[in-house]
Structure formats: structure tokens, C-alpha cells
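Student: Pasting the sequence and the predicted coordinates here, then a few questions.
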Amino acid sequence: MIKKIFIDSDVILDVATGRIPFVDSSNEALSIIESGLAFGVISSNSVTNIYYVLRKLSSSDKAKIFINTIIKYLSIIPVDHDNIVKALASQFIDFEDGVQNYCAASNQCDIIVTRNIDDYKMSELKVLLPQEFVALYK
């Protein structure tokens, strides 16, 4: 049942910042990927966004340590020209989510895991909350 799962940055930031009440389900979702039951990916722009937020909340060194930890089990996929063009032309309300969606689609992801499922209404991919993703593996 190994699938290619796109993890939105909000899920990773839930874990990094201990965001209540989301941290537990987001952590469970990442644990499934870390255990090898699913293949997890994040976009290259997610990495820079995560770094930016964590650096503001703590320090550059702590942000880099966290990113080094997650990229041991999450692969980084590129955002390319076509992803940007499609997002700009799309009906996605949030441009960044459109970019994430087209990045996931062009890299053959099966599922997007995010807390912002409303922002992905236009996606042709399956979009799940972290707890819904976890339920697939229980």
C-alpha cells in the first residue's frame, strides 16, 4: 500500500512548533512516512518556507537542524516553471496552494496531506487531513 504522499508545509510546521490541537495528528502522519509505510515528499519551496518560519520563531541553527531531520525521511521535489504557470492560470484561491498542488501532480503524488483542505478544492488529487491519512493505515 505504499503511496507517494505530498505533505503540505502546515503539517510539518504543526510538528515543528507543537501547534495545539494539530500536533498529534500531524506527528502521526509523519510517523507513517518515517516508518516507510508511505513515501513522503515536500516541495522545494516548502523547505524555504519552513526555514523562514522556524528561523523567525527560534534561530537559524534550530531551523536547519529541524529541516535536516525531516529530509532524512521526506524527499524534496522541485517546483518548476510549468507548476507556476498552471497555478497562475488556475482557479485556486491561494496561489501558493496552487503551486503545491501542481508540484504534487507533476511528481505523480497520490495524496496531498494538509490541514487546509478547503484551499485544495480545485485539486484533482485526493486531499486528506492528517487524521484521515492516518486512518488509512490503521
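Tutor: Received it, and whenever you're ready, just let me know what you need. Numbering: from 1, shown residues only.
Student: What does the closest residue to L37 other than its chain neighbours show for phi and psi?
Tutor: Excluding the flanking residues, the one nearest L37 by C-beta to C-beta, 6 or more residues apart in numbering is Y137, at 5.7 Å. Heads up, the C-betas are built off the backbone N, CA and C, glycines and all. Dihedral pair for Y137: phi -110, psi 10, per degrees, to the nearest 10.
Student: now R19
Tutor: According to degrees, to the nearest 10, R19 has phi -60, psi 110.
Student: distance of it from V134?
Tutor: Distance, R19 to V134, by C-beta to C-beta, to the nearest Å: 16 Å.
Student: Settle it for me: which of these two has more neighbours?
Tutor: Counted by other C-beta atoms under 10 Å, R19 and V134 do not tie: V134 has more neighbours, with 20 against 14.
Student: That one contacts L30, doesn't it?
Tutor: No. Applying C-beta atoms under 8 Å, one finds V134 not in contact with L30, separated by 10.0 Å.
Student: Now do the same contact list for the nearest residue in space to D80 that is not next to it in sequence.
Tutor: Leaving aside its chain neighbours, D80 sits nearest to S106 (7.1 Å; criterion: C-beta to C-beta, 6+ apart). By C-beta atoms under 8 Å, 6 or more residues apart in numbering, the residues touching S106 are D80, D82, N83.
Student: what's the neighbour count on F66?
Tutor: Other residues near F66 number 19, with proximity taken as other C-beta under 10 Å.
Student: got a list of what it touches?
Tutor: By C-beta under 8 Å, 6+ apart, the contact list for F66 reads A16, I50, L54.
Student: so where's this protein shaky on pLDDT?
Tutor: By pLDDT under 70, the low-scoring segments of the chain are 1.
Student: so F22 sits right up against R115, yeah?
Tutor: Yes. Between F22 and R115 there is a contact under C-beta under 8 Å: 6.1 Å.
Student: joint contacts of these two?
Tutor: Listed as contacting both F22 and R115 by C-beta under 8 Å, 6+ apart are D14, P130.
Student: re earlier: most neighbours, which of the contacts of S106?
Tutor: Neighbour counts for those (other C-beta under 10 Å) peak at N83, which has 23 neighbours.
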